[in-house]
Every structure is written in C-alpha cells, then in structure tokens.
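K.L.:
Quick check, what structure comes out for this input:
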Amino acid sequence: MVGMVVKQSRKEVEWRQRLARFATCGQQIKSFCKAELVSEATFYRWRKQLAERGDATPAVGFVDVGVMSSTPEAQSMTQDQLASAALEVRLDLGDGVVLHIVRR
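P.N.:
Sure thing, here's the model as predicted:
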C-alpha cells in the first residue's frame, strides 16, 4: 500500500510539472499532448483533478473573446480615426484581481 501512495505522489508531481510546461508553451492541448505522448483525455482528467484540490497550475493561453461588432459610426471612420479611438478593456482574473486597460 505504501508503494501505491508513493507511485501516485510521483504521478501527481509529474502532472503538476507537465501542466506548468503547458501553461508556458503556447501550444494547443492537442499538439502539446502529442508532443508529451499523453492522451487528451488523460490531460483533461489530471488538470481537473489537480484543480479541484488547488494543486494545478492555472491554464494560461489564448482566450478568444470574439469579434467586436462595429457601430455605424465606426464603419464611417478613417483608419487614423479608428486608431485614435478610445478602447477600454476590463478583465476579472479572479481572486480579486482585475486587469483594466484604457486607451484614449
């Protein structure tokens, strides 16, 4: 039984390290798993399991927020006018952390 606990602990360490590598690699899950020689299902299972215990490195990567729709005013603006238009983005990152970017 002790050997089983050690083996599980080693696996957890390996997966924490793997998830940390994924968080900084910039790859999609499919290509990352192929390079690491692990299945996507196993990747998702370990990420969920460790996240539930608070042990996982948060997933970092590209987040597609979609396309901003153009207003009629924006459609009639020149490129220079669009470049100088105000932009405000507010992202709630969790745990009380808010990223607020304003461009005027």
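K.L.:
Can you tell me the element Lys48 falls in?
P.N.:
Assigned by DSSP states H and E, Lys48 falls within helix 40-52.
K.L.:
That helix - contacts with which helices or strands?
P.N.:
Where contact means 3 or more CB pairs under 8 Å, 6 or more residues apart in numbering; DSSP states H and E, helix 40-52 is packed against helix 2-25, helix 29-36. Where you see a C-beta, it was placed from the backbone N, CA and C, and this is true even at glycine.
K.L.:
Flag the shaky bits of this structure, pLDDT-wise.
P.N.:
1-8, 55-75, 79, 81-85, 104 (pLDDT under 70).
K.L.:
thinking again about what came up before, I'd like to know which of the helices and strands packed on helix 40-52 lies nearest to Ala51.
P.N.:
Comparison of these against Ala51 by CB to CB identifies helix 2-25 as nearest, at 9.0 Å.
K.L.:
and the angle for the closest one with helix 29-36?
P.N.:
Following axes from the mean of the first three to the mean of the last three CA atoms, to 10 degrees, one obtains 120 degrees for the angle between helix 2-25 and helix 29-36.
K.L.:
Pull out the buried residues from helix 2-25.
P.N.:
Neighbour-count burial for helix 2-25, with 16 or more other CB atoms under 10 Å as criterion, is recorded at Trp15, Arg18, Leu19, Phe22.
K.L.:
can you check stretch 32-41 too?
P.N.:
Applying 16+ other CB under 10 Å to stretch 32-41 flags Phe32, Cys33 as buried.
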